[in-house]
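Peer 1: Sequence first, then the predicted structure, then my questions.
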Amino acid sequence: VLIVEDDPADALLIRRLLERARELTCRVEVRDRIAGGLARLDEGGVDVGLLDFSLPDSLGLDSYRRLRDRHPELPILILTSLDDDALAVRAVAEGAQDYLVKQQVDGRLLVRAIRYAIERTAQFGYVGYGGNAHAQSQGVQGRARFGHGRNASAEIRDEHAAISQAACDSRDDASFVDSS
């Protein structure tokens, strides 16, 4: 996980949230500028990026676009203090995996957002703007691990199977009317 965050206190808090999460095992790195984040991404080996929107060398959607344009295969989550619904919608419309407001995030929510971002990328190539053929052909790096050494895809498939089975079991016990 690469965190691009210029506030040392926020970076430390995010790092601690990730380190305390039992269901996620990952290496966390922090860069305090977009330029440093891009340089680190150029080295490879990053599964997901967490991006602040207020950096000394880049602001707002420009920050996201710079990362996305150079590394369209990378799932990027916006993690910012800017609680702006219109900006959040624009960021997601341009391909950001999520838009999280720092003051509203806890460890469980952050890990879930990372898990879903990696899963969408692994399963659907859902990165950049509406998907990316390069990411689909290359896949994600696959080093972030969830649960007990299993990857996100396996865990989510297991959860999906359990939910599907529960839904099938409940259909046996009740009748459903399709109102469409």
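Peer 2: Thanks, I have the structure now.
Peer 1: Report the helix or strand with the lowest average pLDDT across the protein.
Peer 2: helix 133-138 (a mean of 35; mean pLDDT, DSSP states H and E).
Peer 1: Roughly how far does the residue lying closest to Tyr99 once chain neighbours are set aside sit from Glu43?
Peer 2: Excluding the flanking residues, the one nearest Tyr99 by CB to CB, 6 or more residues apart in numbering is Ala88, at 3.7 Å. C-betas here are computed from N, CA, C, even on glycine. As judged by CB to CB, to the nearest Å, Ala88 and Glu43 stand 30 Å apart.
Peer 1: Please apply the same query to Pro72.
Peer 2: As judged by CB to CB, Pro72 and Glu43 stand 17 Å apart.
Peer 1: Same drill for the two, tell me which one is more crowded.
Peer 2: Pro72 (18 against 7; other CB atoms under 10 Å).
Peer 1: For that one, give me phi and psi.
Peer 2: Here is the backbone geometry of Pro72 (degrees, to the nearest 10): phi -70, psi -20.
Peer 1: Also the one 4 residues further on?
Peer 2: When quoted as degrees, to the nearest 10, the phi and psi of Ile76 stand at phi -120, psi 130.
Peer 1: What of Leu41?
Peer 2: Torsion angles, degrees, to the nearest 10, at Leu41: phi -60, psi -40.
Peer 1: quick one, what contacts it?
Peer 2: 2, 49, 67, 70-71, 74 (CB atoms under 8 Å, 6 or more residues apart in numbering).
Peer 1: Out of those, name the ones that lie in helices.
Peer 2: In this view, the contacts of Leu41 that belong to helices under DSSP state H are 67, 70.
Peer 1: which of the contacts of Leu41 count as buried?
Peer 2: 2, 49, 67, 71, 74 (16 or more other CB atoms under 10 Å).
Peer 1: With pLDDT as extra columns, can I get these in CSV?
Peer 2: Shown next, in CSV, are these (pLDDT from 0 to 100):
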residue, pLDDT
Leu2, 97
Gly49, 97
Leu67, 96
His71, 95
Leu74, 95
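Peer 1: Quickly name whichever of those is closest to Ile114.
Peer 2: Gly49 (10.0 Å; CB to CB).
Peer 1: pLDDT weak spots in this structure?
Peer 2: 125-180 (pLDDT under 70).
Peer 1: Swap in 50 and give it another go.
Peer 2: Low-confidence segments of the chain, defined by pLDDT under 50: 129-180.
Peer 1: Just the strands from it, written as ranges.
Peer 2: 2-4, 24-25, 29-31, 49-51, 54-55, 58-59, 76-80, 98-101, 145-146 (DSSP state E).
Peer 1: so what does the first one touch, helix or strand wise?
Peer 2: Spelled out, it's strand 2-4. In terms of contacts (3 or more CB pairs under 8 Å, 6 or more residues apart in numbering; DSSP states H and E), strand 2-4 is packed against helix 8-20, strand 29-31, helix 34-43, strand 49-51.
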